[in-house]
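> just a sequence and a predicted model for now, questions to come.
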Amino acid sequence: MNNWKISVKNLIHKPLYAFLSIFSLSISIGLLLGIQQLDTSIQNQFENGLGTIEMVVGAKGSPLQLVLSSVLHIDNPTGNIAYSEVGKMKKNPLVKEAVPISYGDNYNGNRIVGSTLGFAKMYSAELLEGREVEHAMEAVLGNDVAKKSGLKLGDTFVSSHGLTENSIEQHNESFKVVGIYKPTHKVIDRLIVTNLESIWDVHHHGEHEEAHDGEENDEHEEHESHEEHDLEEADTKEITSILVSFRNPMGLMTMPRNINTNTDMQAALPKYELERLFRFTGVGVKAISWIAYIILLISCVSIFIGLYKMVRDRAYDLALMRTYGASNFQLFRIVGFEGILMVMASVLFGFLFSMIGLHFIIDLFKSQFQQDIALTFSTAQMLKTLLIVIGIAMLSIVLAIIPLLKMNISKILSDET
């Protein structure tokens, strides 16, 4: 206990050195832990958000944009495709599920997605209360949307055109809330789900009105015009994309290339595109990690220099303690405990710095991309990082203590006297 008291008093005696050493080591630990946990959390969040979706089919463009827009809902769509493609896709024996989605409107920044009942199944979403959509202009809220908006069963709301919050271009038709999903921690939590008819009705209501006004002259001609209009509309209806899952790996191997080569659509594989994205972002993660390791080395060198200087400056005191019966091990503990105290304080503050930084970045992510990232802590990765940090720090402490073994007690005492 006396050794600990001596070490604490030594640190208090040189506060600037102690502060700089602990602060720099804390920054390096915070950067290492923070960037690793952030990278792991984002990857797990995105991969978890895929649900059972193995392929997404949409208009030609960037495959990564197609995945981000239609699967993770954090980008703009590449365009529209014909609704008739859904029927063709479902007839393919390799396809287990083909779910069409259509979107282009929002409510308070939350996307309104038109789809079928298969959409919720792909994310394993279950109802917390209410029922699924059965008629046009009905909607089921994701759990985050319900909490954020305060909407309840039976409430109505008006959508706005576009994918960002917009109170100017509001539609005349209102949606009615008929259900709320349980939290899934997936992308569906921040979506408003309706059926395809609702999306089509909202966007083509004006066209229907004009067509109806122009056909009021003759009852027989009006009936024929409506039949022709319905047939034409069935062929011209559009959706944003199709979410696909396969019966076996053969579909995953053959269908994307066939679609990209032989049709005017494109097929993208979400897992492949996200892995490619993470390879790009991994460069930044590695760069920040290397910077943190450089700061770590500088911090450990600072600890080594401080302890080594302390051993040289207090050589007479240590030699005197040796003559009064103190063992080498006791001297080692006095010096070593000082370094250990700095390392322990640095680990504690480094962990706090990483938590503060992570929560700040997560709040930024939520405000910019409407993504609520759930922190995922990899215990093995954290332990590995801490062991590296402690190992390097302890090496610097040991190197600073080595001069005690070579200390010439009689020479030091004679020089002082």
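Received, thanks. All values derive from a computational prediction rather than experimental measurement.

> and stretch 86-93, how far out from the chain middle?
33 Å (Cα atoms, centre = their mean, to the nearest Å).

> who's in contact with residue 62?
By Cβ atoms under 8 Å, 6 or more residues apart in numbering, the contact list for residue 62 reads residue 78. Just so you know, the C-beta spots here come from the backbone N, C-alpha and C atoms, and that holds for glycine as well.

> roughly how far does it sit from residue 279?
Distance, residue 62 to residue 279, by Cβ to Cβ, to the nearest Å: 16 Å.

> check residue 402 too.
Taken as Cβ to Cβ, the span from residue 402 to residue 279 is 44 Å.

> pull the longest helix from the protein.
With secondary structure taken from DSSP state H, the chain has its longest helix at helix 270-313.

> residue 53 is in contact with residue 243, isn't it?
Yes. With contact defined as Cβ atoms under 8 Å, residue 53 reaches residue 243; the gap is 4.9 Å.

> okay, those two: which has more neighbours?
Between residue 53 and residue 243, counted using other Cβ atoms under 10 Å, residue 243 has the larger neighbour count: 25 against 20.

> okay, buried residues for stretch 18-38 please.
By neighbour count on 16 or more other Cβ atoms under 10 Å, the buried set for stretch 18-38 is 18, 21-22, 24-38.

> for stretch 290-307, same thing?
For stretch 290-307, the neighbour count (16+ other Cβ under 10 Å) marks 292, 293, 295, 296, 299, 300, 302, 303, 304, 306, 307 as buried.

> now that stretch, how far from the chain's geometric center?
The answer for stretch 290-307 is 31 Å, by Cα atoms, centre = their mean.

> now name the helix or strand holding the residue most central in space within the chain.
By Cα atoms, centre = their mean, the chain has its centre lying nearest to residue 42, at 2.7 Å. Using DSSP states H and E, residue 42 falls within helix 15-48.

> domain assignment for this structure?
With domains defined by automatic domain parsing, the chain comprises 2-46+284-416, 55-268.

> format the ones you listed as JSON lines; extra columns: distance to residue 274 and mean pLDDT.
Converted to JSON lines, the domains of the chain look like this (distance: least, Cβ to Cβ, whole Å; pLDDT from 0 to 100):
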{"stretch": "domain 2-46+284-416", "distance to residue 274": "5", "mean pLDDT": "78"}
{"stretch": "domain 55-268", "distance to residue 274": "7", "mean pLDDT": "82"}
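
> quick check: the residue nearest to the centre of the chain vs residue 311, distance?
Distance, residue 42 to residue 311, by Cβ to Cβ: 46 Å.

> residues of stretch 37-54 that come out buried?
Across stretch 37-54, burial judged by 16+ other Cβ under 10 Å covers 37-46, 49-54.

> who are the neighbours in contact with the residue nearest to residue 285 when sequence neighbours are not counted?
Leaving aside its sequence neighbours, residue 285 sits nearest to residue 39 (Cβ to Cβ, 6 or more residues apart in numbering; 4.9 Å). Shown in contact with residue 39 (Cβ under 8 Å, 6+ apart): 281, 282, 285.

> try residue 57
Counting by Cβ under 8 Å, 6+ apart, residue 57 touches 81, 85, 89, 241, 242, 244, 259, 265, 266, 267, 268.

> which members of these occur in strands, if any?
81, 241, 242, 244, 265, 266, 267, 268 (DSSP state E).

> how deep is the fourth one tucked in, by neighbour count?
Residue neighbour count, defined by other Cβ under 10 Å, stands at 28 for residue 244.

> and it, what is it in contact with?
Counting by Cβ under 8 Å, 6+ apart, residue 244 has contacts 53, 54, 55, 56, 57, 89, 95, 97, 98, 99, 255.

> among those, which two are most distant?
Farthest apart among these by Cβ to Cβ are 99 and 255. That separation is 15.3 Å.

> what residues sit buried inside stretch 182-194?
For stretch 182-194, by 16+ other Cβ under 10 Å, it's 184, 186, 187, 188, 189, 190, 191, 192, 193, 194.

> can you redo those residues as JSON lines with distance to residue 343?
Formatted as JSON lines, the buried residues of stretch 182-194 follow (distance: Cβ to Cβ, whole Å):
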{"residue": "184", "distance to residue 343": "42"}
{"residue": "186", "distance to residue 343": "40"}
{"residue": "187", "distance to residue 343": "42"}
{"residue": "188", "distance to residue 343": "45"}
{"residue": "189", "distance to residue 343": "41"}
{"residue": "190", "distance to residue 343": "42"}
{"residue": "191", "distance to residue 343": "47"}
{"residue": "192", "distance to residue 343": "51"}
{"residue": "193", "distance to residue 343": "52"}
{"residue": "194", "distance to residue 343": "57"}
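
> and those as CSV, adding distance to residue 9 and secondary structure?
What follows is these, written out as CSV (distance: Cβ to Cβ, whole Å; DSSP: H, G, I helix; E, B strand; the rest coil):
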residue, distance to residue 9, secondary structure
184, 55, coil
186, 55, coil
187, 56, helix
188, 59, helix
189, 54, helix
190, 55, helix
191, 60, coil
192, 63, strand
193, 65, strand
194, 70, strand
